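> Pasting the sequence and the predicted model now:
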Amino acid sequence: MGSQNIRTIIEDHALQRVPMDERKSWLNLSWNTMGITSTLVELLVGGIVSFTAGIFMGLVAAIIVTIVGSVLGWLTGHVSFKQGLSSTVAARYHGLGTLGSLIASGIYGFMIIGFLALENALLYEGILFYFKLPNNLTNAVIIYGLLSLAWILLATFGIKLVTRVSSITLVLFLIVLAYMVFNSAAHSGMSMGQILSHGAVFPGGTSSSHFVTAINLLIGSAGALALVDADYGRYARSSRDVFLMALLGNIMMDIIIFLTGSILIFVGFDTVKQYYIQGGMSPDAAANAALNNVGATFIILGGFAGTLLMLLAQAKAQVLNTYSGSLALANFFDALKWRPGRLFMVVLANVIGMLMIIGNILGLINSWLTVLGVMTTCLAVIMVADYFIVQKGSDDLHAVEAETMNWAGVITLILGSVAAMLLQNIMPIPFLTSTVLSLILYPLLRIYVLKPGRAQGGRGLQQ
């Protein structure tokens, strides 16, 4: 294999249109959308939703979110399928313009690299817990260094290796997950019917407030997942492939992982709580630790199997987070006319993730997660509105030229995000507010007020 061929594999069309002869089927691409959504964080979300709203109401919310997320992911992914471009590069042509796409890369990149950092931290804590290691600088340097090196190596050589890693680890993860579910249920003394019919565990609230909370917890990642669908949709052979890929990713996140997370955390809650109480914690602190330290929960419940589950869950997601993060960073710096290559961006994504951990800003990421979710939703909807409403679903997308700045999209992104957060007392589901406002405001501004201006002629895109 020549050096030119290796360089092409590494670049992976990060800033180019994917040619049709390299397009892939829905089954091939779905390993990635299912892999990035089956993580410890999403298992924890499933547990929190069922503790808040109960299994039945949580499942109703999960089905609704699956439908909404699949449609948004399909529509966003369809735009990238037509353009053959990743989400943030496609945003140059559909919604934001070349310089405006810096905002898209900033929002999406910060969120996806934030997940990279969060899940590295979960892995680190789980490894320390399993091997009874102290949390010191030496262990941090060794463990974080080895984890980052693994993600860099596995994400460097393009979508083929990323998909292969995701497919193998996802199959193993699902096998171990099934074992954990049935083994934990068997030792709980409860029937599966009892487990799958429990009501809300957390005190307070009403049925309607429980439902709203469940929707918000589950749909928070829908905007980001839609952009992930676009990143992989650029490799799709047809719009049908995009739809199936998006559907399976949402089913995995909002149905399968929700239910398994609900089961594991519910049946293991008392066991893990008692473990922490025996270690000297107060009952309240132990309950909080049992609910939130999901990596330790699986280790306590499953020993080696639980540890393997933790590693498999995070490994595939981290490779996919690194891959999508590198695409967002590639567009960010390319818009500024700097092109050091995607390998540099792969390394940079992991460096930024480490800085997030060192700077102790993971709490900031958590607190801004709802805001970032709203902003990614606005971005996805703006892209969809530009393609389907403003451009009326044109198939001649390669003739579309990128403006320097699409102010209609930038203004809609800002106003839609701000309004969704400010109107929570009136409309408690920010996702819905941001979606409706963006879908209405962007076409009005683009068609009647801030009409298309002078284009760049695509000079910011590698040919």
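Thanks, I have the structure now. Numbering: from 1, shown residues only.
> Is A200 in a helix, a strand, or coil?
Following DSSP: H, G, I helix; E, B strand; the rest coil, A200 is assigned to coil.
> Please state the mean pLDDT value computed over the longest helix along the chain.
In the chain, assigned by DSSP state H, the helix with the most residues is helix 97-131. Mean pLDDT, helix 97-131: 91.
> Going by neighbour count, which residues of that helix are buried?
97-105, 107-130 (16 or more other CB atoms under 10 Å). C-betas here are computed from N, CA, C, even on glycine.
> same deal with stretch 255-275?
For stretch 255-275, by 16+ other CB under 10 Å, it's 255-269, 272-273, 275.
> Using PDB, write out the CA atom coordinates for stretch 270-289.
The C-alpha trace of stretch 270-289 is given here as PDB (Å, rounded to 0.1, in the frame of the first residue of the first chain):
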ATOM      1  CA  ASP A 270     -30.100  -2.000  46.700                       C
ATOM      2  CA  THR A 271     -27.100  -4.300  46.300                       C
ATOM      3  CA  VAL A 272     -24.900  -1.400  45.200                       C
ATOM      4  CA  LYS A 273     -26.300   0.900  47.900                       C
ATOM      5  CA  GLN A 274     -25.500  -1.600  50.600                       C
ATOM      6  CA  TYR A 275     -22.000  -1.900  49.200                       C
ATOM      7  CA  TYR A 276     -21.400   1.800  49.600                       C
ATOM      8  CA  ILE A 277     -23.000   1.900  53.100                       C
ATOM      9  CA  GLN A 278     -20.600  -0.900  54.200                       C
ATOM     10  CA  GLY A 279     -17.800   1.300  52.900                       C
ATOM     11  CA  GLY A 280     -18.800   4.000  55.400                       C
ATOM     12  CA  MET A 281     -21.200   6.200  53.400                       C
ATOM     13  CA  SER A 282     -24.400   7.600  54.800                       C
ATOM     14  CA  PRO A 283     -27.600   6.000  53.300                       C
ATOM     15  CA  ASP A 284     -28.300   9.200  51.300                       C
ATOM     16  CA  ALA A 285     -24.800   9.400  49.900                       C
ATOM     17  CA  ALA A 286     -24.800   5.700  49.200                       C
ATOM     18  CA  ALA A 287     -28.100   6.000  47.200                       C
ATOM     19  CA  ASN A 288     -26.600   8.800  45.200                       C
ATOM     20  CA  ALA A 289     -23.400   6.900  44.400                       C
END
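> Which elements pack onto the helix or strand hosting G295?
Using DSSP states H and E, G295 maps to helix 294-302. Applying 3 or more CB pairs under 8 Å, 6 or more residues apart in numbering; DSSP states H and E, one finds that helix 294-302 contacts helix 40-53, helix 97-131, helix 158-188, helix 257-278, helix 304-335.
> Could you dump these into a markdown table with distance to L85 added?
Compiled in a markdown table, these are given as follows (distance: least, CB to CB, whole Å):
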| stretch | distance to L85 |
| --- | --- |
| helix 40-53 | 27 |
| helix 97-131 | 10 |
| helix 158-188 | 14 |
| helix 257-278 | 29 |
| helix 304-335 | 9 |
